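Trainee: prediction below, plus the sequence it came from.
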Amino acid sequence: MISPQWIEFWQEFRESKSAMFGLFLTVLFIIVAVFASVLSPQNPYDLTQLFLENSNLAPTLFSEWSYSHFMLGSDGQGRDLYSAILYGLRVSLYVGLASTILSAAFGTLMGLVAGYMGGRTDAFIMRIADIQLSFPAILIALVIMSIWGQGLFKIIIAISVVNWVFYARTARGSTLAEREKDYVDAARSSGISDTAIMLREVLPNIVAPIIVIGTVRVANSIILESTLSFLGLGVPITEPSLGSLIYEGYQVLFSGFWWASVLPGLALMGVVLGINLLGDRLRDVLNPRLKR
């Protein structure tokens with residue numbers, strides 16, 4: 001049985017055509033990424049399927065004169081670009097979602113503690129957040145990846161370190177408003193511990209703004225991962241991500257092999273656009289102050 005709140009949420013959400021388009025794009029890219037191994041005619045990780053004579057072949061989709069058997073052409077390593085983009089989408093989405101979950105969990109916990117406890121605890125956590133926010137996110141990620149080196153897990157941790165402050169500030173602001181409400185006072189008077197109050201009473205009431213900011217940070221995390229991979233500090237070059245594919249294509253862009261860079265860039269633009277449109281509508285629906 002679907003609750004009336006979810007029915008009301010869906011009815012209000014689908015009123016926006018742009019949000020429905022964003023939802024369609026997001027779901028489409030997620031399905032494509034999950035079933036990349038099924039939809040791809042080639043495994044770009046399998047070196048036995050790569051041949052240098054197939055490198056930088058033009059797409060058959062755009063040129064009737066192409067002798068390539070690759071629909072979207074191939075890159076400089078002889079990989080089918082269509083397959084590489086599908087696998088790259090999977091890597092980029094995985095990094096974006098995993099880093100968002102980690103940073104949201106840690107940042108929300110820090111903000112919850114800071115907002116509820118107040119005093120020196122609040123000041124200490126928020127000063128750390130303020131110091132970190134004074135530095136560009138890309139600079140922090142670059143320093144971390146320069147020290148740790150390349151790796152899928154390492155880039156997830158680096159992006160999580162960058163993003164936790166946004167959740168902490170949002171959670172703290174919401175907690176400051178919630179801790180003054182009657183239900184929190186009633187819980188205190190009944191002898192419930194502060195930890196139980198934070199986790200059982202306050203946390204469920206600050207989830208909505210965390211979800212909203214989470215959708216925005218997923219898109220930003222994907223862009224940050226692509227930027228780091230473009231700079232050679234993201235995932236290893238043997239593992240195609242959208243950023244590394246764009247970088248490899250950029251190296252031969254002015255030699256006439258435009259598809260190797262443009263097509264992964266369009267895929268990146270599509271997934272980020274879909275998530276941002278989805279996040280904008282979630283913000284409008286879940287934020288009561290924006291409702292008329």
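Mentor: Thanks, I have the structure now. Numbering: from 1, shown residues only.

Trainee: neighbours around the nearest residue to N205 once chain neighbours are set aside, how many?
Mentor: Leaving aside its sequence neighbours, N205 sits nearest to E178 (C-beta to C-beta, 6 or more residues apart in numbering; 5.3 Å). For the C-beta atoms, the positions are set from N, CA and C on the backbone; glycine is no exception. Each residue near E178 was counted by other C-beta atoms under 10 Å, and the total is 21.

Trainee: now for E178: which residues touch it?
Mentor: Contact analysis of E178 by C-beta atoms under 8 Å, 6 or more residues apart in numbering lists 115, 184, 202, 205-206.

Trainee: I figured S174 hits Y116, correct?
Mentor: No - using C-beta atoms under 8 Å, S174 is not in contact with Y116, being 10.7 Å away.

Trainee: report pLDDT for G249.
Mentor: Per-residue pLDDT puts G249 at 80.

Trainee: so who does it touch?
Mentor: Going by C-beta under 8 Å, 6+ apart, G249 touches 75, 257-264.

Trainee: residue boundaries of the helices in the protein?
Mentor: For the chain, applying DSSP state H gives helices covering 4-13, 17-34, 36-39, 81-117, 119-133, 137-148, 152-178, 182-189, 194-196, 207-230, 242-250, 259-286.

Trainee: who does the longest one touch, helix- and strand-wise?
Mentor: Packed against helix 81-117, as judged by 3 or more C-beta pairs under 8 Å, 6 or more residues apart in numbering; DSSP states H and E, are the following elements: helix 17-34, helix 36-39, helix 119-133, helix 152-178, helix 207-230, helix 242-250, helix 259-286.

Trainee: what is the second one packed up against?
Mentor: This points to helix 36-39. Applying 3+ C-beta pairs under 8 Å, 6+ apart, one finds that helix 36-39 contacts helix 81-117.

Trainee: give me the buried entries from the contacts of G249.
Mentor: Among the contacts of G249, those scoring as buried are 75, 257-261, 263-264 (criterion: 16 or more other C-beta atoms under 10 Å).

Trainee: want to try TSV for the helices and strands packed on helix 81-117, with distance to S146 as columns?
Mentor: Putting the helices and strands packed on helix 81-117 into TSV (distance: least, C-beta to C-beta, whole Å) gives the following:
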stretch	distance to S146
helix 17-34	28
helix 36-39	30
helix 119-133	17
helix 152-178	10
helix 207-230	10
helix 242-250	16
helix 259-286	23
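
Trainee: coming back round to it: and which of the contacts of E178 is nearest T100?
Mentor: Distance to T100 across the contacts of E178 (C-beta to C-beta) is lowest for I206, with 16.7 Å.

Trainee: what distance do you get for the closest residue in space to L273 that isn't next to it in sequence to K154?
Mentor: Excluding its sequence neighbours, the residue lying closest to L273 (C-beta to C-beta, 6+ apart) is L25, at 6.5 Å. Plainly put, L25 is 29 Å away from K154 if you go by C-beta to C-beta, to the nearest Å.

Trainee: fine by me, we can end here.
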